[in-house]
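1. Generate coordinates for the sequence data below:
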Amino acid sequence: MLLSLSATAAPLSAAEAADRARQLFGGQVLDIKQVRANNSKAYRIKLLQPSGRVKVLIMNSGGKVLSSSGKKGKRN
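-> Reported below is the predicted structural model:
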């Protein structure tokens, strides 16, 4: 008997996406929101990096980073 197993993993939760973003880029998660990207569930994640920059990225529910940008944080 042959069994077919799917190689697709379960979609990431918001907490799992935040953990993955921290692992990939470092820093502290400031905000995470569920969004739609390419007609699929994704997350917009804002990270405060040790340099003081805020990195904004879009991660799909499979953990792939679709886009990212960095902004310089405000300094007093």
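2. Next, the buried residues of stretch 32-40.
-> Buried residues in stretch 32-40, counting neighbours by 16 or more other C-beta atoms under 10 Å, are found at I32. Backbone N, C-alpha and C define where each C-beta goes, glycine included.
3. mind listing the strands for the protein?
-> Using DSSP state E, the strands of the chain run over residues 28-37, 40-48, 53-60, 65-72.
4. so how far is the second one off the chain centroid?
-> On the basis of C-alpha atoms, centre = their mean, to the nearest Å, strand 40-48 sits 5 Å off its chain's mean C-alpha point.
5. Contact partners for the most centrally placed residue in the chain?
-> Residue closest to the average C-alpha location in the chain (C-alpha atoms, centre = their mean): M59, at 3.9 Å. By C-beta atoms under 8 Å, 6 or more residues apart in numbering, the contact list for M59 reads L12, A17, R20, A21, A42, Y43, I45, V65, L66.
6. Ok, I32 next?
-> A14, A17, A18, Y43, R44, I45, K46.
7. Of those, select the buried ones using a PyMOL command.
-> To isolate the buried members of these in PyMOL, using 16+ other C-beta under 10 Å:
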select buried, resi 17+18+43+44+45+46
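8. Closest one of the contacts of I32 to F25?
-> Nearest to F25, judged by C-beta to C-beta, of the contacts of I32 is I45 at 9.0 Å.
9. Leaving out sequence neighbours, find the closest residue to K33.
-> In space, and not counting its chain neighbours, K33 is closest to R44: 5.0 Å by C-beta to C-beta, 6 or more residues apart in numbering.
10. Over to Q28?
-> Nearest to Q28 is L48, by C-beta to C-beta, 6+ apart, at 4.7 Å.
11. How much space separates the one you found from F25?
-> 10 Å (C-beta to C-beta, to the nearest Å).
12. what residues do the two have in common as contacts?
-> What both L48 and F25 touch, as defined by C-beta under 8 Å, 6+ apart, is an empty set.
13. show me the contacts for G26.
-> L47, Q49, P50.
14. Could you verify my assumption that L30 touches R44?
-> No: L30 is beyond contact range of R44, at 11.1 Å (criterion: C-beta atoms under 8 Å).
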